[in-house]
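J.: What follows is a predicted structure for the sequence shown.
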Protein chains: 2
Amino acid sequence: MMEVTRILARYLVGSRRTDIPAPVRHEAARALLNGVGCAVGSSRHETVESALAALRDFSGPPQAAVLGRSERLDILHAALINGISTHVLDYDDTHARAVHPSAPVLPALLAFAEWRKTSGADLVHAFVLGVEAECRIGLSVFPEHYERGWHITGTAGVFGAAAAAGKLLGLNEQQMTWALGIAATQSAGLREMFGSMCKSLHPGRAAQNGLTAALLASKNFTSSERAIEAPCGFAHVLSTKFDPAVITDGLGEHFELSSNMYKPYACGLVVHAAIDGCIQLRTEHRLAPEAVERMELTVCPIVLELTAKPEPQTGLEGKFSVYHAAAAAIVYGAAGEPQFSDACVRDERVVGLRRRIGITPDKSLRKTEAKILVRLKNGVTHSKHVEHALGTLQRPMSDADLEVKFRALTDGIINAQRTDELIRLCWSVDTLPDAGAIARCTAPALN
Amino acid sequence: MMEVTRILARYLVGSRRTDIPAPVRHEAARALLNGVGCAVGSSRHETVESALAALRDFSGPPQAAVLGRSERLDILHAALINGISTHVLDYDDTHARAVHPSAPVLPALLAFAEWRKTSGADLVHAFVLGVEAECRIGLSVFPEHYERGWHITGTAGVFGAAAAAGKLLGLNEQQMTWALGIAATQSAGLREMFGSMCKSLHPGRAAQNGLTAALLASKNFTSSERAIEAPCGFAHVLSTKFDPAVITDGLGEHFELSSNMYKPYACGLVVHAAIDGCIQLRTEHRLAPEAVERMELTVCPIVLELTAKPEPQTGLEGKFSVYHAAAAAIVYGAAGEPQFSDACVRDERVVGLRRRIGITPDKSLRKTEAKILVRLKNGVTHSKHVEHALGTLQRPMSDADLEVKFRALTDGIINAQRTDELIRLCWSVDTLPDAGAIARCTAPALN
């Protein structure tokens, strides 16, 4: 059996900043902007409030920011809380095949950078490597691992946080091997938790536990040296499939971060093509919902399997209703958190329109594809074929799109000046002398 | 499917102190004495030193003692470090069928009792319930879960710590159900880590994570309500076997703590019968090693599978050499940590004797059974048949035996006066107004 744990550790330790191509470094800045926006935007979420209420009495020194709040916690607790807030809206980034890459890795690094001075270039480097480790390890056991019931963002994420933090700690090969092992033996998170607060606890714990793994390894806390590939190791215990070549092939040649996607809409990916098409039609034809007699959507069958709720009653249920999402997109030209509020799902204009929507499943369509036909009361019809929804690799969100999303998320939490400054810090991360400035800048300004 | 998570939560919440029979309460005191002794005895172990060096900078307020040391940490870190130290020598208690019961549960409770005033009776009650939860959940998936590669002391232990801490926090049924769920989704620990520092990290993390689960649930942090039994829940994801009746049958009627065993010797269970017989022969016949020409041991085959090392070079290797253990038992009449030191393994008298020992496997013997034949140089022979080694349920260590073990462990770490006081506190735990006194008393006295 190939010693994949050691091969991966050797790569992580040996990688130099200059080995990371410029487009990959820019992708890290995009992930940073998106991740910080999600965390700030969720900083008052009840899941975050509950976790803070339970744990703040046990925090160590105020080493790192709770993103978007005035509280400061020790770096381990900050990583936990910020991992929760980055993921809790399910609005964070998604690797094209599996794993939400940023939520377990970024919070560990942002906290670290406030504790030990870290250049932006080093933070970017560590982030790229952390994402590489978590995605490759996750994909090496995918999809069987996920199908068995594991929430891969938690189970693989802990490796990413360990690798990234270990890089900033300057671990040697032996220590990095241990860090991956200490991560492996804390790998956890059940899909059974979907729909409860524990779903976002998974990346939070992954960030915290991965950071802990790297810290322990830096003090020569030992683990198995074959934690991923051994018969009683991660891959065989947590999956029925293991392809070690997925971890080792082309290390340093292609980067998993290049397959990262960002969500323009605050709901599951399968609804995005329909929303995208509705917003395009609204913009192109200045559609008013009252003018619409009937809408017909043709979508991949999985859209109806997951989001067929015709009459959602709460904002959360609205995320599982393609009817609501499409109607709200026509009415508001957007599908952010406000469109998935309790108020919006009860909005008369939205409710009226969603009852005039028909959905047809079509197996020939991809899950990020949709066809929309709008028949107006005046007899005119408009149609749109979205081949690839906005946010897919084929049609990525632009940097400007990401800024718009960031501003929508942080609106009302941090002021305009701080928002501008944060956007500037994220885009220029690669040249920042002190990456700790990013997390510090998310604190609401004193009035 | 029976709602076992909720049934267990309901039992834990409804149980009253007076529901626990006196012999079970006394067993809790025995486990307490044994567990505290192990933790104090290991308080300078390199594993503990490494973890403290890595994590002490992130600790919160000095709420709870690191057992046997002067440092005080927040209760979550104290639970972690004390979980490590309780288990690191593999000298802690063992349930007759699976799981080391105390290491994940006791450290969470001892830390809690220093944070919020807790009577000894309440601590005993919570401990009994925690052990009940972890053993029943562990046994419901045993042995397939263990055979798959999970270290059950970690994976089941987290439930025990959550249940015990949840009881002291006064969780209601809904919250206790969540606490078990939050525990389930943190359940982790790979057998691949055996032989590294991570083995004892498992009960440490279980103690810390279980305590965290209870604290989160107390602030209404939600989880699945069917975390143990659901298709993507603990049992089905982490095992191929699940017998829910093991969790629910006879709750409150029989107690798993009654099947708890304590190790008289600081090594794996399979060597105990041989050591026991050698010590008995030495005492009965005042054997001097120089008088022994040859020893023949007949043992269960598993003894040779696990501990056949003929020439160990280090103390740790000595634990995996039945030759060394038997020889040291003849020479020193004991098999504590000093007999598994590097020095003892190189001790000429021990080395000389162990080369005159022969071992015969015999499938008709239990693994806690051994036959010993000693042939002296003067032609006399002595023999001993140990049917059940000291420490088994059939021949438990007496309270006095546990005191002797405790004193050997704490010798040189805390002074005689503190040791006497600690023994008194443990035996009288059920009547202590403030159980926090136990952990505080383990701090080395100022000179």
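T.: Yep, it's here.

J.: how near is the residue in the stretch 1-150 of chain A positioned nearest to chain B to B:Thr222?
T.: Going by C-beta to the nearest C-beta, chain B is nearest to A:Gly149 of the stretch 1-150 of chain A, at 3.7 Å. C-beta: built from backbone N, CA, C; applies to glycine. With the distance defined as C-beta to C-beta, to the nearest Å, A:Gly149 ends up 19 Å from B:Thr222.

J.: count of residues packed around the residue in the stretch 301-447 of chain A that chain B sits nearest to?
T.: The shortest separation between the stretch 301-447 of chain A and chain B is 12.6 Å, found at A:Leu316 (distances taken as C-beta to the nearest C-beta). Each residue near A:Leu316 was counted by other C-beta atoms under 10 Å in any protein chain shown, and the total is 14.

J.: got it, and A:Leu33?
T.: Counted with other C-beta under 10 Å, residues neighbouring A:Leu33 total 23.

J.: do the same with the one 10 residues further on
T.: Counted with other C-beta under 10 Å, the burial measure for A:Ser43 works out to 25 neighbours.

J.: Repeat that for the one 5 residues further on.
T.: For A:Val48, the tally of surrounding residues (other C-beta under 10 Å) stands at 24.

J.: who touches it in this structure?
T.: Contacts of A:Val48 were listed using C-beta atoms under 8 Å, 6 or more residues apart in numbering or on different chains, and they are A:Ser42, A:Val66, A:Ile81, A:Ile84, A:Ser85, A:Val88.

J.: so which helix or strand takes in it?
T.: Of the helices and strands defined by DSSP states H and E, A:Val48 is found in helix A:46-55.

J.: now the strands for the stretch 201-350 of chain A?
T.: With DSSP state E, counting those that start in this stretch, the ranges of strands along the stretch 201-350 of chain A come out as A:260-261, A:292-299.

J.: thought the residue of the stretch 1-150 of chain A closest to chain B was touching A:Glu192?
T.: Yes - here A:Gly149 reaches A:Glu192: they are 6.7 Å apart, a contact under C-beta atoms under 8 Å.

J.: For the stretch 201-350 of chain A, what lies in contact range of chain B?
T.: Contact residues, the stretch 201-350 of chain A versus chain B (C-beta under 8 Å from any C-beta of the partner chain): A:201-202, A:205, A:212, A:215-216, A:218-224, A:226-227, A:230-234, A:236-237.

J.: Hmm, the residue of the stretch 301-447 of chain A closest to chain B is touching A:Ser341, no?
T.: No - the pair A:Leu316 and A:Ser341 fails to qualify as a contact (C-beta under 8 Å) at a distance of 9.7 Å.

J.: Can you give me every residue that contacts the residue of the stretch 301-447 of chain A closest to chain B?
T.: The neighbours of A:Leu316, taking C-beta under 8 Å, 6+ apart as the test, are A:Phe340.

J.: any idea how far it is from A:Gly336?
T.: The spacing between A:Leu316 and A:Gly336, counted by C-beta to C-beta, is 15 Å.

J.: which of A:Gly149 and B:Thr222 has more neighbours?
T.: B:Thr222 (23 against 19).

J.: Isn't the more buried one up against A:Ser196?
T.: Yes - judged on C-beta under 8 Å, B:Thr222 makes contact with A:Ser196 at a distance of 4.5 Å.

J.: How about A:His324, nearest residue that isn't a chain neighbour?
T.: A:Gly318 (4.5 Å; C-beta to C-beta, 6 or more residues apart in numbering or on different chains).

J.: Repeat that for A:Ala291.
T.: Of all residues beyond its chain neighbours, the one nearest A:Ala291 is A:Leu376 (5.2 Å), with distances taken as C-beta to C-beta, 6+ apart.

J.: Read off the pLDDT value for that neighbour.
T.: As predicted, A:Leu376 sits at a pLDDT of 97.

J.: who touches it in this structure?
T.: Listed by C-beta under 8 Å, 6+ apart, the contact set of A:Leu376 reads A:Ala291, A:Val292, A:Glu293, A:His382.

J.: same deal with A:Ala79?
T.: Each residue near A:Ala79 by C-beta under 8 Å, 6+ apart is listed here: A:Ala64, A:Pro107, A:Ala108, A:Ala111, A:Ala161, A:Gly204, A:Ala207, A:Gln208, A:Leu211.

J.: Swap in 6 Å and give it another go.
T.: By C-beta atoms under 6 Å, 6 or more residues apart in numbering or on different chains, the contact set of A:Ala79 is A:Pro107, A:Ala108, A:Ala111, A:Ala207, A:Gln208, A:Leu211.

J.: Quick one: classify the first one as helix, strand or coil.
T.: The reference is to A:Pro107. Following DSSP: H, G, I helix; E, B strand; the rest coil, we place A:Pro107 in the helix state.

J.: any idea how far the spatially closest residue to it that is not a sequence neighbour is from A:Pro104?
T.: Leaving out its chain neighbours, the residue that sits closest to A:Pro107 by C-beta to C-beta, 6+ apart is A:Asn82, at 3.6 Å. The span separating A:Asn82 from A:Pro104 equals 10 Å under the rule C-beta to C-beta.

J.: what's the average pLDDT for the strand or helix carrying A:Ser200?
T.: A:Ser200 belongs to helix A:198-218 when elements are defined using DSSP H and E. Confidence over helix A:198-218 (mean pLDDT, whole number) is 98.

J.: what's the domain layout of chain A?
T.: A:4-262+A:400-441, A:269-386 (automatic domain parsing).

J.: Deepest-packed of those, please.
T.: domain A:4-262+A:400-441 (a mean of 23; mean count of other C-beta atoms under 10 Å in any protein chain shown).

J.: leaving aside the residues next to it on the chain, what's closest to A:Gln417?
T.: For A:Gln417, the nearest residue in space outside its immediate sequence neighbours is A:Ala445; the separation is 7.3 Å by C-beta to C-beta, 6+ apart.

J.: Which helix or which strand is home to that neighbour?
T.: Element membership for A:Ala445 (DSSP H and E) is empty, with no helix or strand holding it.

J.: So what's the residue count around it?
T.: 11.

J.: thought it was touching A:Asn415?
T.: Yes - in terms of C-beta atoms under 6 Å, A:Ala445 counts as a neighbour of A:Asn415; the distance is 5.4 Å.

J.: So which residues on the stretch 1-150 of chain A come close to chain B?
T.: In this structure, the stretch 1-150 of chain A approaches chain B at residues A:Ser50, A:Ala53, A:Ala54, A:Phe58, A:Ser59, A:Gly60, A:Asp74, A:Leu76, A:Arg148, A:Gly149, judged by C-beta under 6 Å from any C-beta of the partner chain.

J.: quick one: contacts for the third one?
T.: When contacts are counted by C-beta under 6 Å, 6+ apart, A:Ala54 touches B:Leu215, B:Leu216, B:Lys219.

J.: same thing with the fifth one?
T.: By C-beta under 6 Å, 6+ apart, the contact set of A:Ser59 is A:Leu73, A:Asp74, A:His77, B:Gly60.

J.: nearest residue to the last one other than its sequence neighbours?
T.: Looking back up the chat, that one is B:Gly60. Closest residue in space to B:Gly60, ignoring its immediate chain neighbours: B:Asp74 at 3.2 Å, by C-beta to C-beta, 6+ apart.

J.: ok, now the third one?
T.: If the residues on either side of it in the chain are set aside, A:His77 comes closest to A:Ser59, at 4.7 Å by C-beta to C-beta, 6+ apart.

J.: Tell me what that neighbour is bridged to.
T.: In this structure, A:Ser59 has the following beta-bridge partners (DSSP bridges): B:Ser59.

J.: cool, A:Ser321 as well?
T.: Legend: beta-bridge partners of A:Ser321 under DSSP bridges are A:Ala308.

J.: Hmm, it is touching A:Lys309, no?
T.: Yes - with contact defined as C-beta under 6 Å, A:Ser321 and A:Lys309 form a contacting pair (4.0 Å).

J.: Which members of the contacts of A:Ser59 occur in helices, if any?
T.: Counted as lying in helices by DSSP state H, out of the contacts of A:Ser59, are A:His77.
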